[in-house]
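Student: quick one, fold the following:
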Amino acid sequence: MRFLIFLLALSLPAAAETVELDGRSYNIDLPAEPAGAPLIVVLHGGGGSPDQMARNTGISAAALSEGYAVAYPRGTGNLPTWNGGYCCGAAARKGVDDLAFLDAVVDDAVARFGLDGNRIYAAGMSNGAIMAETWAAARPDRLTAVVAVAGTMDAAHVPVTGKVPLLIIHGTADTRVPYKGGRGDEGLTQTDFAAVAEVRDAFLAPWGPVVHAQARIDDPDAGSAVRVDDYHTPQGRLALRLITVEGGGHAWPGGRRAMREGQVEARLPATTEMLRFLELFP
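Tutor: Here you go, the predicted structure:
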């Protein structure tokens, strides 16, 4: 049923309101009752845009029905990027202060629309995932939980300064941001990316000892296999979930692009997994 709702969400994108903010902008979709609503800040990939991210993922229609507001900030440059430290593009080269911009987006959206400033979530794809993780590492008290798809922050140089629940979704055949780290074959940066395991360990470190459990989901019809690794505190609180798509590439699983191109992730909706994860941290 959730997957059918997700397919409907892809076909019915919500109309966004655009807010100009300090020479930049963000789009926002609001639920029927925005007062006190939690906010998901969704960050596009390098060279993408708020509209493209909303269309590809179907996040708004799925999240609005569950009472979330969804904001889509825009990066900087003609091919918009985020300064996630070692990536990406002009934003990183120019040292754009995207941490301050994202803080300003949250402050503005909370004040302008009456949202709940204590329930702020972040999600991103590729360069947007790198930025979301970097934001969470620097602002653990600001974000309730974070979702990162196909992007790994500079774990060697960006310290995680507090406990932030993190969902990572990444394909083992991603050639742009390799699962095991290293230089991608194309994109907006010429750096060596951190491995997924390095980011996992960086975000787990503030939690102390954790209990690891693994599940495996095989879908012969889709020709795919997925590993789900959960890391809980001894008291049972989920600190991190890693969803590994075996054979998956650089894509938002279940998104329009993955479905159109018949990629292995086509029937594995990241948007559904994202909302299921966020529900654990109300």
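Student: which parts of this structure are strands?
Tutor: 17-21, 24-29, 39-43, 69-73, 120-125, 145-149, 166-171, 182-183, 192-193, 211-219, 224-232, 238-246 (DSSP state E).
Student: for the fifth one, packing partners?
Tutor: Counting by 3 or more Cβ pairs under 8 Å, 6 or more residues apart in numbering; DSSP states H and E, the packing neighbours recorded for strand 120-125 are strand 39-43, helix 127-138, strand 145-149. Just so you know, the C-beta spots here come from the backbone N, C-alpha and C atoms, and that holds for glycine as well.
Student: other SSEs contacting the longest helix along the chain?
Tutor: Secondary structure of the chain per DSSP state H: the longest helix is helix 98-113. Contacts defined by 3+ Cβ pairs under 8 Å, 6+ apart place helix 98-113 against strand 17-21, strand 24-29, strand 39-43, strand 69-73, helix 127-138.
Student: can you tell me which of the ones you listed is nearest to Ala215?
Tutor: helix 127-138 (22.5 Å; Cβ to Cβ).
Student: and the angle for that closest one with strand 166-171?
Tutor: 150 degrees (axes from the mean of the first three to the mean of the last three Cα atoms, to 10 degrees).
Student: what's the angle between helix 127-138 and strand 145-149?
Tutor: 150 degrees.
Student: chain center to helix 127-138: distance?
Tutor: 8 Å (Cα atoms, centre = their mean, to the nearest Å).
Student: other SSEs contacting it?
Tutor: Here helix 127-138 touches strand 39-43, helix 98-113, strand 120-125, strand 145-149, helix 196-204, going by 3+ Cβ pairs under 8 Å, 6+ apart.
Student: need these in JSON lines with distance to Asn56 and mean neighbour count, can you?
Tutor: As requested, the helices and strands packed on helix 127-138 are exported to JSON lines (distance: least, Cβ to Cβ, whole Å; neighbours: other Cβ atoms under 10 Å):
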{"stretch": "strand 39-43", "distance to Asn56": "11", "mean neighbour count": "27"}
{"stretch": "helix 98-113", "distance to Asn56": "20", "mean neighbour count": "18"}
{"stretch": "strand 120-125", "distance to Asn56": "8", "mean neighbour count": "27"}
{"stretch": "strand 145-149", "distance to Asn56": "11", "mean neighbour count": "28"}
{"stretch": "helix 196-204", "distance to Asn56": "22", "mean neighbour count": "21"}
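Student: let me have those in JSON lines, extended by distance to Leu275 and mean pLDDT.
Tutor: As requested, these are exported to JSON lines (distance: least, Cβ to Cβ, whole Å; pLDDT from 0 to 100):
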{"stretch": "strand 39-43", "distance to Leu275": "9", "mean pLDDT": "98"}
{"stretch": "helix 98-113", "distance to Leu275": "19", "mean pLDDT": "98"}
{"stretch": "strand 120-125", "distance to Leu275": "10", "mean pLDDT": "98"}
{"stretch": "strand 145-149", "distance to Leu275": "9", "mean pLDDT": "98"}
{"stretch": "helix 196-204", "distance to Leu275": "20", "mean pLDDT": "98"}
